[in-house]
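[1] Give me coordinates for this.
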Amino acid sequence: MDDSIDRALDAVGPRLKRLRQQRETTLTALAEQTGISASTLSRLEAGLRRPTLEQLLPLARAYGVTLDELVDAPPTGDPRVTLRPLACRDGSTIIPLTRRPGGIQAYKFVLPAGEAEPEPRTHEGHDWVYVLNGTLRLVLGEHDLVLRPGEAAEFDTRTPHWFGATSAGPVEFLSLVGRQGERAHVRVTSSPEP
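    Predicted structure coming up:
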């Protein structure tokens, strides 16, 4: 185990005791609230027992602190994503906005102005697009749609689809793509029209 993690876990006992005393609660009351026996809580506070994640989670909830605060975890690395635009032969630019492997991926697309001939394609998954600037032409199955800034579309990518800019100018849009993409969206049912 990493030395910094060992040190953080060793220092949890006094922090647990200080939090309990600040909240003016007893070991018995804390035991009732967390489901951890009073004797185990006493050993944790005295540093005679190292806490497990199953013990730390209810303690963090009881004290109203994050797990990181409870164990005084070191700060994490820089969360910013390094944006490395990818230039395509057709003049478009794709900017990956996520860096984790698998799951849903987020991209920013910048497509040049034009009146390209649509070439719809299909693939497994789900897609969601949101227009930032310009006008996006979306051919989706039998539909030929125009989306303006602030408009979004969501669809199963097994439906033939194609994106393009209009002759009015370039378009910038965000896209979430993934096989399980539907989990990233809030689903609502439309209310019947009066």
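[2] This protein: strands as residue ranges?
    Using DSSP state E, the strands assigned to the chain run over residues 86-87, 93-96, 105-111, 126-133, 136-140, 143-147, 152-156, 161-165, 171-178.
[3] Relative to residue 54, which of those is closest?
    strand 171-178 (31.4 Å; C-beta to C-beta). In short, each C-beta sits where N, CA and C put it, glycine included.
[4] in the protein, which helix or strand is least confident?
    Lowest by mean pLDDT, DSSP states H and E among the helices and strands of the chain is helix 3-10, with a mean of 58.
[5] Any idea which of the strands of the chain gets closest to residue 78?
    Short answer: strand 93-96, nearest of those by C-beta to C-beta, at 16.7 Å.
[6] domain assignment for the protein?
    3-71, 86-184 (automatic domain parsing).
[7] Could I get the average pLDDT for stretch 127-135?
    Averaging pLDDT along stretch 127-135 yields 94.
[8] do the same with stretch 168-176
    Averaging pLDDT along stretch 168-176 gives 92.
[9] burial of residue 69, as a residue count?
    Applying other C-beta atoms under 10 Å, we find 13 residues neighbouring residue 69.
[10] Quick check: pLDDT value at it.
    At residue 69, pLDDT is 77.
[11] when you give positions from now on, start the count at 119
    Got it, the first residue is 119 from now on, which makes the last one we talked about residue 187.
[12] so who does it touch?
    residue 178 (C-beta atoms under 8 Å, 6 or more residues apart in numbering).
[13] ok, it to residue 178 distance?
    8 Å (C-beta to C-beta, to the nearest Å).
[14] wait, residue 262 sits on residue 278?
    No. Taking contacts as C-beta atoms under 8 Å, residue 262 lies outside contact range of residue 278: 11.9 Å.
[15] out of these two, which sits in the busier spot?
    residue 278 (14 against 11).
[16] residues contacting the more buried one?
    238-240, 257-259.
[17] and what of residue 267?
    249-252 are the contacts of residue 267 under C-beta under 8 Å, 6+ apart.
[18] Could you report the neighbour count for the nearest residue to residue 294 once chain neighbours are set aside?
    Spatially, and ignoring its direct neighbours in sequence, residue 294 is nearest to residue 246 (4.4 Å; C-beta to C-beta, 6 or more residues apart in numbering). For residue 246, the neighbour count with other C-beta under 10 Å is 19.
[19] separation between residue 246 and residue 231?
    For residue 246 relative to residue 231 (C-beta to C-beta), the value is 24 Å.
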